[in-house]
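In: got a sequence here, can you model it:
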Amino acid sequence: MNQNFSSMIDRYKYQQLRIGSVSPQQISAWANKILPNGEIVGEVTKPYTFHYKTNKPEKDGLFCERIFGPIKSGICACGNYRVIGDEKEDPKFCEQCGVESVDSRIRRYQMAYIKLACPVTHVWYLKRLPSYIANLLDKPLKELEGLVYCDVFSFARPIAKKPTFLRLRGSFEYEIQSRKYSIPLFFTTQGFDTFRNREISTGASAIREQLADPDLRIITDRSLVEWKELGEEGSTGNAWEDRKIGRRKDFLVRRMELAKHFLRTNVEPERMVLCLLPVLPPELRPIIQIDGGKPMSSDINELYRRVIYRNNTLTDPLTTSRSTPGELVLCQEKLVQEAVDTLLDNGIRGQPMRDGHNKVYKSFSDVIEGKEGRFRETLLGKRVDYSGRSVIVVGPSLSLHRCGLPREIAIELFQTFVIRGLIRQRVASNIGIAKSKIREKEQIVWEILQKVMRGHPVLLNRAPTLHRLGIQAFQPILVEGRAICLHPLVRKGFNADFDGDQMAVHVPLSLEAQAEARLLMFSHMNLLSPAIGDPISVPTQDMLIGLYVLTIGNRRGICANRYNPCNYRNYQNETNNYQYTKEKEPYFCSSYDALGAYRQKRIDLYSPLWLRWRLDQRVIASREVPIEVQYEPLGTYHEIYGHYQIVRSVKKEIFCIYIRTTVGHISFYREIEEAVQGFCRAYSYGT
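Out: As a prediction, the model looks like this:
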């Protein structure tokens, strides 16, 4: 079984897992095993778990050691001990109890099966929407449910084209409903089986026969022809009829896709009806003892016991008794179907099954699906090595592709790399000394950590990861504190807010993962939404307020100083604040001088100033009339406009141009100019 299991799931060869239907032969191959004495075991026939006195697994029960292997390695059910792998020990299994001397870990993957006394439909394929069985058979779901749960009979089956009194299906199902109840009561078990095999079909066996009969290629061709015919008809003018035709066309498309899927995967549709029910390994549905010796069992065990009880109740009259009424057989088949439905998906057909404390039993669907299911919590939600988690805060001084990692998180994430660096630089001779230096937080540790972080990206993820931008790559830098710092522009991609949200940080280890992070996942490469193409890294909230405050000012220019007799009070305020005088508004030759004066607190962020500007053809060719002209003693003069002034010589040649601005506007312009120049350099380097 070890070889079979390793060949079935090889973690080094396969990188994905797919759930699908399995044939009965494959289930038998997984479960059956041949003991050294030639006996084949694998079928669970008894609904028992552990004996209440000996506390040992019952034979042929849900925890049988003959089927699933020993509970303790090398110890059989008799209590005899044999060395595992010792060739001198012969035989390798106990002839008295029939338990092999193998490792107890086999109970984690050794499967079994229950041989059902009647076929049972898989409730996932029948009741889940869309119903695959109803789509493939092109029949209403209610009609199929009545057939599966033995409420109605299917078509009459004449043998060798001989007429029978049940030839007309409608007369039996709908017109004379009393026959549906009177005919089974008329026959005994043996007679009813003969009658049913000849005349009628009911239960999951009827579904199995109908799924096995049609040719999938014929279904695809007929559905395509009907879909084309409906498309050629056009609109009928009746809204209700048009909606009905549209629903029919959608149904035909789903039916064709389903039939093509069965053909492409080479899966037989009748596998949606179960003849053998797989039994999970016992380690995946354990029974444990809590304080006081009280046993606690998995809900799956109780649901398995219910199936076995009802299946054995149906098996006994079919194999031993000859006088059981046919109606009782149909009723028991319905109970088996309902028990299997509860095992697979509890509550899908109405009220769920509950225990003595009115608690709903967890079925397979409850164990698998949902946020706390096997896939999302156990397989995908594991705690990963080289990962951390902390609250995110704004890092306004960070670049778009950088993030700030706290020192405590960074030293834990990159500890192995730092240890390797300490040993390579011969600061530490072994791992123990290197770890002690890390605990003591010596200066050499932080220097090596910064070198490691410069060449290693990290991944930041905010749950739930609903789209591609939910996890992005960043270049980490060390920051003080315990919070992860982020550029505010990447907030929208993560759908995060700086109000206490947490993010997980992961370290890509393999070269492939690092290459993917650098080439595809860096935040400055994900500026557009992959869904609609709109910009996703746009300023919002605090950034918009900051830009407004940075560029606020009197947009009227020097015209704000004009006298307005209708608003004398506002004129007085503006005169006090923005009165145009040559001495109050300083002149600067460059933006560096203006920013230097601001740092020295000689001017404010909103103080108007004159900044020397390059000769702009738009200004030179402008036909705007100057507001004022000021002449110098040497003949030069200043043509003052609303937002700029031109200095001319005696010969009217332009010496220079000054624009009226503020330090905030200068800072904003420089940031945009540097960003555009950086983009141009990157574009020219790429081309």
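In: show me this protein divided up by domain.
Out: Per automatic domain parsing, the structural domains of the chain span 21-110, 118-152+202-274+294-382, 384-414+456-538, 557-673.
In: nearest to residue 548 among those would be which one?
Out: domain 557-673 (9.9 Å; CB to CB). Every C-beta, even on glycine, is put in place using the N, C-alpha and C of the backbone.
In: what does whichever strand or helix holds residue 136 rub up against?
Out: Residue 136 is part of helix 132-137 when elements are defined by DSSP states H and E. Residues from elsewhere that reach helix 132-137 (CB atoms under 8 Å, 6 or more residues apart in numbering): 121, 125-126, 140-141, 144, 207, 210-211, 214, 219, 251, 254-255, 258-259, 269, 272.
In: so which of the residues you listed belong to helices?
Out: 125-126, 141, 144, 207, 210-211, 219, 251, 254-255, 258-259 (DSSP state H).
In: hmm, which of these are the buried ones?
Out: Buried members of the ones in helices among the contacts of helix 132-137, scored by 16 or more other CB atoms under 10 Å, are 125, 126, 144, 207, 210, 211, 219, 251, 255, 258, 259.
In: make JSON lines from these and add pLDDT and distance to residue 444 to it.
Out: JSON lines is the format used below for these (pLDDT from 0 to 100; distance: CB to CB, whole Å):
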{"residue": "125", "pLDDT": "88", "distance to residue 444": "64"}
{"residue": "126", "pLDDT": "87", "distance to residue 444": "67"}
{"residue": "144", "pLDDT": "83", "distance to residue 444": "73"}
{"residue": "207", "pLDDT": "83", "distance to residue 444": "73"}
{"residue": "210", "pLDDT": "82", "distance to residue 444": "76"}
{"residue": "211", "pLDDT": "83", "distance to residue 444": "71"}
{"residue": "219", "pLDDT": "86", "distance to residue 444": "73"}
{"residue": "251", "pLDDT": "87", "distance to residue 444": "71"}
{"residue": "255", "pLDDT": "88", "distance to residue 444": "69"}
{"residue": "258", "pLDDT": "87", "distance to residue 444": "65"}
{"residue": "259", "pLDDT": "88", "distance to residue 444": "68"}
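In: and those as a markdown table, adding distance to residue 364?
Out: A markdown table is the format used below for these (distance: CB to CB, whole Å):
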| residue | distance to residue 364 |
| --- | --- |
| 125 | 14 |
| 126 | 15 |
| 144 | 22 |
| 207 | 20 |
| 210 | 26 |
| 211 | 22 |
| 219 | 30 |
| 251 | 28 |
| 255 | 27 |
| 258 | 23 |
| 259 | 27 |
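In: circling back: which parts of the helix holding residue 136 are buried?
Out: Buried residues in helix 132-137, counted by 16+ other CB under 10 Å: 132, 133, 134, 135, 136, 137.
In: between these, which sits nearest residue 623?
Out: Closest to residue 623, out of all of the buried residues of helix 132-137 and judged by CB to CB, is residue 135, at 75.2 Å.
In: tell me the spacing between the closest one and residue 255.
Out: Using CB to CB, to the nearest Å, we find residue 135 at a distance of 5 Å from residue 255.
In: residue 118 now?
Out: 28 Å.
In: what of residue 222?
Out: 9 Å.
In: by mean pLDDT, which helix or strand of the protein comes out lowest?
Out: Across the helices and strands of the chain, mean pLDDT, DSSP states H and E gives its lowest value to helix 169-170, namely a mean of 41.
In: I figured residue 388 hits residue 409, correct?
Out: Yes: assessed by CB atoms under 8 Å, residue 388 is found in contact with residue 409 at 4.3 Å.
In: give me the common contacts of these two.
Out: With CB under 8 Å, 6+ apart, residue 388 and residue 409 have common neighbours residue 505.
In: any idea where the strands of the stretch 451-600 of the chain begin and end?
Out: For the stretch 451-600 of the chain, the strands defined by DSSP state E, counting those that start in this stretch occupy 458-461, 471-479, 484-486, 502-506, 587-588.
In: residue 104 is nearest to which of the ones you listed?
Out: Closest to residue 104 of the strands of the stretch 451-600 of the chain is strand 502-506 (CB to CB; 34.9 Å).
In: what's that closest one in contact with?
Out: Residues contacting strand 502-506 (CB under 8 Å, 6+ apart): 384, 386-392, 405, 409, 413, 458-463, 484, 486, 494, 496.
In: now it: buried residues?
Out: Neighbour-count burial for strand 502-506, with 16+ other CB under 10 Å as criterion, is recorded at 503, 504, 505, 506.
In: want to try TSV for the residues you listed, with distance to residue 602 as columns?
Out: Formatted as TSV, the buried residues of strand 502-506 follow (distance: CB to CB, whole Å):
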residue	distance to residue 602
503	43
504	48
505	44
506	49
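In: go through the residues you listed and name the one nearest residue 418.
Out: Of all the buried residues of strand 502-506, residue 505 has the smallest distance to residue 418: 16.4 Å, by CB to CB.
In: and that closest one, bridged to which residues?
Out: residue 388, residue 460 (DSSP bridges).
In: per-residue pLDDT, residue 555?
Out: Residue 555 carries a pLDDT score of 59 in this model.
In: please shift the residue numbers so they start at 402 in all later answers.
Out: Fine by me, first position is 402 from now on; the one you just mentioned is residue 956.
In: low-confidence stretches in the stretch 902-1051 of the chain?
Out: In the predicted model of the stretch 902-1051 of the chain, residues 954-984, 1018-1022 satisfy pLDDT under 70.
In: cool, the stretch 552-701 of the chain as well?
Out: 552-602.
In: just to revisit the earlier point, let me know the closest of the ones in helices among the contacts of helix 533-538 to residue 992.
Out: Using CB to CB, those come closest to residue 992 at residue 655, 65.2 Å.
In: gap between the spatially closest residue to that closest one that is not a sequence neighbour and residue 657?
Out: Nearest non-adjacent residue to residue 655, counting by CB to CB, 6 or more residues apart in numbering: residue 536, 5.6 Å away. For residue 536, the distance to residue 657 (CB to CB) stands at 10 Å.
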